[in-house]
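S.K.: requesting a structural model of the entry that follows:
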Amino acid sequence: MLTLHGLIRKALPAVAILSVLGVAGLAIAAPAAKSDGDSIARFTGPREEQWLAQAVYDELRLNAGPEKREALSKRLQDIAMAWLATGRTDNFEAGNEFVHAMRACTYLAMLESPLKAPKTISKPAKGSKSARDSTASKSSKPSYESKASNPPLAQWLLDHAEVRRLLFRSLADVDSPETALIQFAELQAAEPQKVLEYPNLAVAFATAKKLHYNRKQPKAATIVESFNYYSDPKRQFRYDLKEMPFELSRYLADTRLNIAERDWAARKYFRTADLGPAYFDVKYDNDSYMKKVPKKIDALDFTLPNLFKVGGVCIEQAYYASEVAKALGVPAAIVYGKGESGIEHAWFTYFQLNPAGTSASWAGGAGRYQDQLYFTGNVFNPATGKQILDSELILVGAAALLPLKRREQAESATALAKIAAEACREGGKEGDVEPLKALAADYQARQDQAKDTTAPKVMLDWVKAKDKIDTAMIEGLLDLAIQRNIAYGQAWQTIVSLRKEKRISVAKLDSFFNVLIGKTAEAYPEQSCQMILKLVPTLEEPAKRDAAYKKSLAVYGRRLDLKGKILLAIADEAREKGDAKQAIRIYQAAAMECVAVPDIVLPAAAKAEELLVADKKKDEAMRMYQALFAKTSKEDCALEIRKETSNYKLGTRLAELLREAGNKDAAEKIMSSL
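M.R.: Below is the predicted model:
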């Protein structure tokens with residue numbers, strides 16, 4: 001298994017390389033194997049189960065066409081449940097094969113049918129208001145166009161197991177698998193050998209949306225040109241892109257910066273070890289921020305050299321630094337957040353190894369001013385074009401460096417937990433191993449007919465029903481998933497959805513709570529708290545919910561933003577129960593304690609006001625806004641930008657309430673101060 005040191009390119013000068021040692025437990029996906037079309041080449045499960053991998057691959061090869069694929073997928077579900085009933089989940093290799101084959105049925109059928117891809121995948125979005133520019137990519141409601149089917153690509157994927165497995169795993173992350181398959185087909189048609197040499201990179205390009213900018217990038221690269229840039233063996237990158245997992249490589253694949261600009265950036269920063277200061281190489285355009293005049297860059301082509309020459313505001317600084325990193329083969333992303341004032345801001349983050357080479361992380365310090373209390377940030381996920389928390393990005397990076405088999409097993413265990421839940425929707429059912437025996441009979445018949453003495457032999461002594469398909473099995477599968485990869489979001493989402501259906505016991509939910517708090521609260525508090533807040537409402541007993549919220553406050557309450565989210569959740573529940581008095585008290589407490597967190601103080605105040613007005617206590621609402629307004633300060637910037645601040649929003653709402661109460665002079669005084 002390749003360890004973390006395999007990510008570093010040995011050819012770079014010493015100043016450009018972080019010294020790296022092999023790290024136990026941190027590994028990355030191996031490069032694609034030679035074309036053999038044989039899943040058994042990678043099967044490491046028990047010897048008596050080896051025939052399963054070959055039998056499943058045979059079924060994929062023999063059942064071509066959408067209708068046969070659909071029927072096979074349903075049959076594979078029954079076979080997977082039969083395998084689970086044998087109780088052999090300690091080694092999950094066979095589970096991986098079943099889940100991969102079911103995915104393959106879905107995606108091969110797409111290739112064998114006319115593909116339908118969105119005509120409009122995304123539109124430029126409005127991003128940082130202070131900058132009036134953005135790299136946001138938001139999904140719009142698409143219309144669809146048909147593309148010709150691609151049976152040759154389906155067969156090519158059947159013949160190249162490692163590429164197939166990576167691609168079909170990655171498609172679970174995207175909102176349009178058809179679009180990803182079309183993009184992959186474009187790459188494979190243009191550069192089939194490079195796709196084999198750089199499978200993770202090819203999959204990253206296939207499943208990444210390109211980021212859009214309000215300012216047009218001159219001579220933007222095509223997907224093939226950009227892929228060729230990163231797969232050019234003559235270029236030297238900070239990391240070995242043959243080995244970088246696709247989850248990380250997506251943060252390279254989302255750029256379409258023209259090649260000339262990349263070459264400029266690569267030359268300029270080739271010997272720069274710390275990329276963080278590149279953010280400040282773009283001089284801040286103070287006139288634009290203070291006077292709201294056009295930015296100097298607006299009069300020039302939107303290129304990295306021009307940004308370096310004339311400067312920009314935060315969004316340009318973040319854009320510049322992230323593109324510099326990507327030009328060097330370093331995954332990077334722009335991060336958006338709101339500080340204490342409430343003004344939107346942009347900084348950047350990039351993937352790096354620590355100097356000792358003992359761990360990998362996402363560096364996020366440059367431009368994230370601590371005195372502005374940027375607790376959390378948002379980045380755009382290239383797979384979906386939607387925002388995720390920057391803490392989720394960190395988790396993605398950590399998970400991507402786990403051994404491939406652990407990641408696969410977490411995904412497969414979660415997928416089978418969902419199938420098991422569907423299978424026992426009417427209650428637990430006895431395990432039925434007959435579908436597994438039928439698969440063995442079909443496989444043996446083919447071997448007998450072909451007189452193949454080299455294929456794995458069928459062994460059935462272990463095929464006996466031991467376990468029921470029931471809640472205990474579902475819980476066991478989800479346990480296995482989070483043991484293999486605690487950062488796998490789908491496992492936790494499945495726990496939430498099944499708990500809502502009461503398919504997971506309260507006792508087991510307590511166990512999942514303890515895992516979340518014990519293993520993730522310190523390192524990944526944002527993600528951990530977010531999941532806790534989704535799980536707590538699934539507890540039926542109010543006393544248990546109250547206890548869970550109190551425990552959460554004790555764990556996460558040191559962070560103002562997380563404390564505020566928990567208080568809002570508690571107040572929302574009190575409101576739903578009809579206890580308006582309690583809800584008002586907690587909303588007001590959240591607003592006052594978290595006045596430095598715009599995303600807490602503003603909704604908390606608005607919700608408290610709504611209940612106070614309904615209770616004919618508008619005077620109390622005004623007093624609340626007066627107290628909150630006094631706790632904030634006016635930002636020294638252009639008025640249009642100042643309108644984003646908590647100070648301005650709280651002040652204008654206070655002025656409106658005063659005006660409604662007939663106190664126009666006081667209202668005008670506040671507005672003039674703003």
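S.K.: only C-alpha atoms for contact and neighbour calcs from this point on.
M.R.: Will do.
S.K.: show the contacting residues for residue 70.
M.R.: Shown in contact with residue 70 (CA atoms under 8 Å, 6 or more residues apart in numbering): 105-106, 109.
S.K.: residue 60 versus that one, what's the distance?
M.R.: Look at residue 70 and residue 60: by CA to CA, to the nearest Å, they are 11 Å apart.
S.K.: need the residues touching each of these two.
M.R.: Listed as contacting both residue 70 and residue 60 by CA under 8 Å, 6+ apart are residue 105.
S.K.: thinking again about what came up before, pLDDT for the contacts of residue 70 - can I get that in a markdown table?
M.R.: Formatted as a markdown table, the contacts of residue 70 follow (pLDDT from 0 to 100):
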| residue | pLDDT |
| --- | --- |
| 105 | 97 |
| 106 | 96 |
| 109 | 95 |
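S.K.: closest to residue 156 among those?
M.R.: Lowest distance from residue 156 to the contacts of residue 70 (CA to CA) belongs to residue 109, with 13.8 Å.
S.K.: secondary structure element holding that closest one?
M.R.: helix 93-111 (DSSP states H and E).
S.K.: what helices and strands are in contact with that helix?
M.R.: helix 50-62, helix 66-85, helix 151-159, helix 161-170, helix 177-190, helix 404-423 (3 or more CA pairs under 8 Å, 6 or more residues apart in numbering; DSSP states H and E).
S.K.: a markdown table for the ones you listed, including distance to residue 269 and mean pLDDT?
M.R.: Below are the helices and strands packed on helix 93-111 laid out as a markdown table (distance: least, CA to CA, whole Å; pLDDT from 0 to 100):
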| stretch | distance to residue 269 | mean pLDDT |
| --- | --- | --- |
| helix 50-62 | 47 | 94 |
| helix 66-85 | 50 | 95 |
| helix 151-159 | 38 | 93 |
| helix 161-170 | 32 | 95 |
| helix 177-190 | 29 | 96 |
| helix 404-423 | 32 | 93 |
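S.K.: from the chain's centroid, how far away is the helix holding residue 109?
M.R.: Put simply, helix 93-111 sits 22 Å off its chain's centre (CA atoms, centre = their mean, to the nearest Å).
S.K.: tell me what angle it forms with helix 161-170.
M.R.: If you take axes from the mean of the first three to the mean of the last three CA atoms, to 10 degrees, helix 93-111 sits at 80 degrees to helix 161-170.
S.K.: mind listing the strands for the stretch 301-450 of the chain?
M.R.: Under the criterion DSSP state E, counting those that start in this stretch, the stretch 301-450 of the chain carries strands at the ranges 332-338, 344-353, 360-363, 378-380, 387-389.
S.K.: deepest in the core, which of those is it.
M.R.: Of the strands of the stretch 301-450 of the chain, the one with the most neighbours on average (mean count of other CA atoms under 10 Å) is strand 332-338, at a mean of 26.
S.K.: quick check: angle from it to strand 344-353?
M.R.: Using the same axes, to 10 degrees: strand 332-338 against strand 344-353 is 140 degrees.
S.K.: now strand 332-338: mean pLDDT?
M.R.: Per-residue pLDDT over strand 332-338 has a mean of 93.
S.K.: what's it packed up against?
M.R.: Packing contacts for strand 332-338, counted by 3+ CA pairs under 8 Å, 6+ apart, involve helix 246-253, helix 314-327, strand 344-353, strand 378-380.
S.K.: Serialize those to CSV and add fields for mean pLDDT.
M.R.: Converted to CSV, those look like this (pLDDT from 0 to 100):
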stretch, mean pLDDT
helix 246-253, 96
helix 314-327, 96
strand 344-353, 90
strand 378-380, 93
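S.K.: what about the ones you listed, which gets the closest to residue 95?
M.R.: helix 246-253 (22.2 Å).
S.K.: just to revisit the earlier point, residue 421 is nearest to which of the helices and strands packed on strand 332-338?
M.R.: Of all the helices and strands packed on strand 332-338, helix 246-253 sits nearest to residue 421, with 28.3 Å by CA to CA.
S.K.: in the helix or strand following that closest one, what's buried?
M.R.: As assigned by DSSP H and E, the chain's next helix or strand after helix 246-253 is helix 259-269. By neighbour count with 16 or more other CA atoms under 10 Å, helix 259-269 contains the buried residues 259, 261-263, 265-266, 269.
S.K.: save these as JSON lines, and put in distance to residue 252 too.
M.R.: Output for these, formatted as JSON lines (distance: CA to CA, whole Å):
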{"residue": "259", "distance to residue 252": "13"}
{"residue": "261", "distance to residue 252": "15"}
{"residue": "262", "distance to residue 252": "12"}
{"residue": "263", "distance to residue 252": "15"}
{"residue": "265", "distance to residue 252": "14"}
{"residue": "266", "distance to residue 252": "14"}
{"residue": "269", "distance to residue 252": "17"}
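S.K.: save these as TSV, and put in pLDDT too.
M.R.: As requested, the buried residues of helix 259-269 are exported to TSV (pLDDT from 0 to 100):
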residue	pLDDT
259	97
261	97
262	97
263	97
265	97
266	97
269	96
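S.K.: re earlier: could you dump the helices and strands packed on strand 332-338 to a markdown table with distance to residue 391?
M.R.: Output for the helices and strands packed on strand 332-338, formatted as a markdown table (distance: least, CA to CA, whole Å):
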| stretch | distance to residue 391 |
| --- | --- |
| helix 246-253 | 14 |
| helix 314-327 | 18 |
| strand 344-353 | 11 |
| strand 378-380 | 9 |
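S.K.: before I go, just wanted to say thanks for your time.
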